[in-house]
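*Asks:* next one to model:
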Amino acid sequence: MDFQLFIDDDRYSVPTVQIIIVESEERAREAAEQMLNESHHHHGVEVCEQGRRLFGLGSFATLRGPPIRVAKASFDDTRDERETHTGV
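*Replies:* Numbers count the residues shown, from 1 in each chain. As a prediction, the model looks like this:
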């Protein structure tokens, strides 16, 4: 199963994303807990599967609503770089 981990890292202005492949939601939770504890810069982890928020830890524990969205930019995108947005 593929899971997306959105990490609240105080070194960046937007969450970072890691994709993991594990056997179950329980293993995804273990990976999220490990990610949260591996650096003092990590304040929260949100776990999603197929665009659906499953749960959050730390600063993402009380977040409600849809998962954090990261905009996709294509290589043929001719818009000015200032118009490309990422984040919530």
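*Asks:* the residue nearest to L5 when sequence neighbours are not counted and F3, how far apart?
*Replies:* In this structure, L5 finds its nearest non-sequential neighbour in Q18, 4.5 Å apart by CB to CB, 6 or more residues apart in numbering. Any C-beta I mention is one placed from the backbone N, CA and C, and that applies to glycine too. To F3, Q18 is 9 Å away according to CB to CB, to the nearest Å.
*Asks:* neighbour count winner among those two?
*Replies:* Remark: of Q18 and F3, F3 carries more neighbours, 21 against 13, as counted by other CB atoms under 10 Å.
*Asks:* following element in sequence after whichever helix or strand the more buried one is part of, please.
*Replies:* The secondary structure element spanning F3 is strand 2-9 (assigned by DSSP states H and E). Downstream of strand 2-9, the next assigned helix or strand under DSSP H and E is strand 16-21.
*Asks:* which residues of the chain fall in helices?
*Replies:* Along the chain, counting by DSSP state H, helices occupy 25-37.
*Asks:* poorly predicted segments of it, please.
*Replies:* Counting by pLDDT under 70, the chain contains low-confidence residues at 63-88.
*Asks:* name the nearest residue to F55, sequence neighbours excluded.
*Replies:* V47 (5.6 Å).
*Asks:* same question, T16
*Replies:* I7 (4.8 Å).
*Asks:* hang on, isn't that neighbour packed against E38?
*Replies:* No. Taking contact to mean CB atoms under 8 Å, the distance of 10.0 Å between I7 and E38 leaves them out of contact.
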